[in-house]
Each structure stands twice: as structure tokens, then as C-alpha cells.
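Engineer: sequence unknown, structure follows:
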């Protein structure tokens, strides 16, 4: 029979405490060690603890960190979590009085959210680096494919010619905006909760700025209640992550469509193709399918964390803590795989120009430029020019001819609609309806013409470089802080 007077209840132990302990082993031990060391340094510098006591604690903390084989630990119920295990070790080696002094002016409340932010910062940095790599891959591919013609689709139908570089640039613009949102959300992690204690700070003369500095944060999170209650650092980050993969999923869906046999615009090399076990003629670019579902899974994982915060009380609570935080890390794992695989796919794929030409011919996708040319050169209204172009396209499609061979059909349509002969020669006509001319004339900002693309690519290079520099500066500052913490802690041990 279960003893209901003794904590923990075995079912609570197995369903909650033991899984939390395992998660802490995997994700939080390093952060807890940093917090312990930084807090001890701050307590010493502010005179809250005497130097001799701090030195004793520092040396014992170092011994504990070196002696405990964290991966081999199992949850027994003797200590509620890793924090209490360390505190018990301190008390055992220093006595209950000195051993308990490290916890002066802090709580597990401010410690927990600091731990979570440190863990999220590390994961966010890795994801941002992977997203920046994808952005750079897309940028370089767009530069190489600046002039490679493709068929642009609207509503699932062939619409107009553009270039692969132009298409990738559009997707890159979205990714760069997503990176900006992601790095801004990462900035939201950079405010330190330490010093809030349980809710209202403490009566001890702590130095919150120094704690933030030692732990690599840019500054303290100002309101102490918000330090333990606000979860926008969670919802903001996972919202930004979700948008990255929601938007990339649209690019992936296009790639899937473009590789279809009936379209055949995108070629995926053999290294990224699986062959059917029974149909030897089939080339299945299944990495694209994996990209699509992994991106969707990542979005779902982000939603899980965001939605868990819904209608929760504005206070310190388990709804936003260990188990939920640990569940969210799966989004970084699946998201990272998407970014790496998509970068490899973008770099490796190519455009099948013969299929592009076949679709261009079959669907008359340059016909808009014929209408535009008539407006410019024949002094027609666009509506009249549009009718001539429409009549011409219907005739060549019915005859199974490419538009470039439709001069006679055009001449008849022009005569029928205007009661005069066009000034356009057959050579002029062929030039007007070529995909190369179509693209070359779109020179305005954002267009696919070479001069417009060169300006765009230079802009994307500048934006990506600024994002990379921003991230590098943050990481360098945190490394400097980590080195300074280690030096300050080492000095404590030697005093």
C-alpha cells in the first residue's frame, strides 16, 4: 500500500519528477553550474558573503562539478531535482550553515527562467546559423542562375517567363525577413531574470547588472514579477521559428510541383533521388517530401509550445517550465534538419531548359509582351492590343505551334482588329515574343532583368552580412562573458 505521508508519491515520481530529472541532465546542468558560479562571484563582490566563505564554496562547487557523473545519475526521489542534489552535496561537505549560503538572495523561480533562457539561446544560435547558411546558399544559387529561364506559375498554370535567380531571390527576401524576426526573438532571450528571486527581488544588496554580465546577458529583465511570470520570450521565439518553416514549406511545395513528370522544370540529381523498388523507370525526389513533412512537423511543434501558454496564469508556473521547455527543443531538431537538407537541395538542383522551352511554347507565356509591344509601337490601347494577342495565342495553340512561329496568325488578327497592317516585321515579332526579350525588358526594381537582379543581389548580400555581423557580435560578447566568469570564479578558488 502506498504511503501517502511520504513525498514523492511513486506515480508522481515516475510520471513527472523522474522525466524532469532526465531532461535536466540532458539540457540544464551546464546552465545551473554557470548560474551557481556567477551568483557566488556576485555575492562575494557585493560583500554579501565573506571572501573566505566564498572560497570554500567555490572549491567545493568545482569538486562537485568534477565528481558527479551526470549521465549516470538516476532519479531516486531523495532529491527533487539537480539543484537540490548540488545543495545537498554542498551541505554535506561544508556543513548545513555554509553549504546553504550559496542560495542567499535567489530562488529556483529566477534560476529556472535563467536556465531556460540560456538553453534557448544556445539552440537559437544554432538554428540561426543554419538559416543563415541556407540564405547564403540561396543567394549564391540566385547569382549563378541569374539568367536561367524558368516558367513562373500562378494558380497552378503557366503564367510568364522569369529566371530561377529571380524566383530564388523572392524566397530569399522572405527568409531574410524571417531571419530578422528570428534574431529579434533571440534578442528577447537576452534579458536576465536573476535577482528577481521568488517574485519581488530581495533585501540583500545584490547587483543584478553584474549577474547579467557574468552570464552573458545584455542586461537584467527589469520587472521582477515579469522575470518569473512573463513567457513572451517563449511565445515570441517559437512564433518566429514557426514562420521560417511555414514560409519555406511553400518553396518546397513548388519544388515538388516542378519535379513532376508533366512539368519537369526542376532536375534533382541522383544523389537526392530514390528509385522505386518495382518500377525501375521512376526517379523519386523523396527528399522534397521529407522537407515538406519535416517543415510541417516543426510548425506543429512550435504551435504545441505556444498553445500551451494559452489561458495560463500570469505567475511562476510549471506550464512554462521544465517539461514544456524540453518538449520545445524538438522544434530545433526537426527545423535544423530542414534547413540543412534544403540548403543541400538548392545547391544541387538545376533547371531543365528543354522542358522550360516546351512549356513556354505550349502555353504562350510571353504573349503579354506582344500586347505591351503593340501598345508601345503601334499606338494601340492595351485592351485592343490584348485582344489581338489573345486571338493570336488561340490560333497558335490550336495549330500546335510555338508562338514564335505565329507571325501569320498575328498579322491576320492585327488586320481583323485594326483594319490595317502592322508595322511589325516577322523578325520584330519573334523578338517580341521571345522569353529572353520578355525578361530583358523587366528592368524595374525587383524585376528579373540582369541589371535589376544585380542591384537586388547586392542588396541581399548587404542585408545578410548585417544579420551575420549582428549574430557574431552577440556570440562574441557571450563568449567574452563566459571567459570572464571562469576567471572570476578561478580567482575565488585561489583566495
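Structural biologist: Sure, I can see it. Remember, it's a predicted structure, so these values are computed and weren't measured experimentally.
Engineer: for the chain, what helix or strand is lowest in average pLDDT?
Structural biologist: Least confident helix or strand of the chain, by mean pLDDT, DSSP states H and E, is helix 18-27 with a mean of 83.
Engineer: So for it, what gets flagged as buried?
Structural biologist: Neighbour-count burial for helix 18-27, counted by 16 or more other Cβ atoms under 10 Å, picks out 18, 20-21, 23-25, 27. The way it works is simple: take the backbone N, C-alpha and C, and place the C-beta from them, glycine included.
Engineer: so what's the nearest residue to residue 164 once chain neighbours are set aside up against?
Structural biologist: Once flanking residues are discounted, residue 164 sits nearest to residue 145: 3.9 Å by Cβ to Cβ, 6 or more residues apart in numbering. Listed by Cβ atoms under 8 Å, 6 or more residues apart in numbering, the contact partners of residue 145 are 163-165, 168, 351.
Engineer: Which pLDDT value goes with residue 145?
Structural biologist: As predicted, residue 145 sits at a pLDDT of 98.
Engineer: same deal with residue 17?
Structural biologist: Residue 17 is assigned 87 on the pLDDT scale.
Engineer: just checking, it touches residue 76?
Structural biologist: No: between residue 17 and residue 76 there is no contact under Cβ atoms under 8 Å: 10.0 Å.
Engineer: quick one, which of these two is more surrounded?
Structural biologist: residue 17 (19 against 10; other Cβ atoms under 10 Å).
Engineer: Quickly note the distance from that one to residue 323.
Structural biologist: 10 Å (Cβ to Cβ, to the nearest Å).
Engineer: Residue 6 too?
Structural biologist: Computed as Cβ to Cβ, the residue 6 to residue 323 distance reads 23 Å.
Engineer: Can you pick out the residue with more neighbours from the two?
Structural biologist: Each of residue 6 and residue 323 has its neighbours counted (other Cβ under 10 Å); residue 323 has more, 15 against 9.
Engineer: How is that one assigned, secondary-structure-wise?
Structural biologist: helix (DSSP: H, G, I helix; E, B strand; the rest coil).
Engineer: Low-confidence ranges, the stretch 101-250 of the chain, go.
Structural biologist: Confidence mapping of the stretch 101-250 of the chain against pLDDT under 70 gives zero matching residues.
Engineer: Helices along that one, start to end?
Structural biologist: 108-144, 164-187, 208-214, 224-229, 232-258 (DSSP state H, counting those that start in this stretch).
Engineer: Go through those helices and name the closest to residue 338.
Structural biologist: helix 232-258 (6.2 Å; Cβ to Cβ).
Engineer: just checking, what packs against that closest one?
Structural biologist: Packing partners of helix 232-258 (3 or more Cβ pairs under 8 Å, 6 or more residues apart in numbering; DSSP states H and E): helix 108-144, helix 164-187, helix 286-308, helix 322-348.
Engineer: Can I get those helices in a markdown table including distance to residue 267?
Structural biologist: A markdown table is the format used below for those (distance: least, Cβ to Cβ, whole Å):
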| stretch | distance to residue 267 |
| --- | --- |
| helix 108-144 | 14 |
| helix 164-187 | 11 |
| helix 286-308 | 12 |
| helix 322-348 | 9 |
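Engineer: Of all the ones you listed, which one is nearest residue 465?
Structural biologist: Going by Cβ to Cβ, the one of those nearest residue 465 is helix 108-144, 9.8 Å.
Engineer: Contacts only, for residue 143.
Structural biologist: Counting by Cβ under 8 Å, 6+ apart, residue 143 touches 165, 457.
Engineer: make it 10 Å
Structural biologist: 165, 168-169, 453-454, 457, 460-461 (Cβ atoms under 10 Å, 6 or more residues apart in numbering).
Engineer: Filter those residues down to the buried ones.
Structural biologist: Here, 16+ other Cβ under 10 Å leaves 165, 168-169, 453, 457, 460 buried among the contacts of residue 143.
Engineer: what residues does stretch 84-104 touch?
Structural biologist: Counting by Cβ under 10 Å, 6+ apart, stretch 84-104 makes contact with 21, 24, 29, 32-33, 36-37, 39-40, 43, 48-50, 52-54, 56-61, 63-65, 67-68, 70, 73, 75-76, 78-79, 83, 108, 111, 197, 202, 204, 206, all of which sit outside it.
Engineer: Give me the buried subset of the residues you listed.
Structural biologist: 21, 24, 29, 32-33, 36-37, 39-40, 43, 48-49, 53-54, 56-58, 60-61, 64-65, 73, 75, 79, 83, 108, 111, 197, 202, 206.
Engineer: I'd like to know which of those are part of strands.
Structural biologist: Assigned to strands by DSSP state E, none of the buried ones among the contacts of stretch 84-104 qualify.
Engineer: Can you flag which of the residues you listed belong to helices?
Structural biologist: Using DSSP state H, the subset of the buried ones among the contacts of stretch 84-104 located in helices is 21, 24, 29, 32-33, 36-37, 39-40, 43, 53-54, 56-58, 60-61, 64-65, 83, 108, 111.
Engineer: for this structure, which helix is longest?
Structural biologist: helix 450-494.
Engineer: how far is that one from where the chain is centred?
Structural biologist: A distance of 17 Å separates the centroid of the chain from that of helix 450-494, by Cα atoms, centre = their mean, to the nearest Å.
Engineer: what is the mean pLDDT for that helix?
Structural biologist: Rounded mean pLDDT across helix 450-494 is 97.
Engineer: can you tell me which residues contact the closest residue to residue 292 other than its chain neighbours?
Structural biologist: Using Cβ to Cβ, 6+ apart and skipping residues adjacent in sequence, the residue nearest residue 292 is residue 252, 4.9 Å away. Each residue near residue 252 by Cβ under 10 Å, 6+ apart is listed here: 245, 287-296, 338, 341-342, 345.
Engineer: and the residue lying closest to residue 382 once chain neighbours are set aside, which of the three is it?
Structural biologist: Once flanking residues are discounted, residue 382 sits nearest to residue 375: 5.3 Å by Cβ to Cβ, 6+ apart. Of the three states, residue 375 takes helix under three-state DSSP.
Engineer: any idea how far residue 375 lies from residue 347?
Structural biologist: Counting by Cβ to Cβ, the gap from residue 375 to residue 347 is 41 Å.
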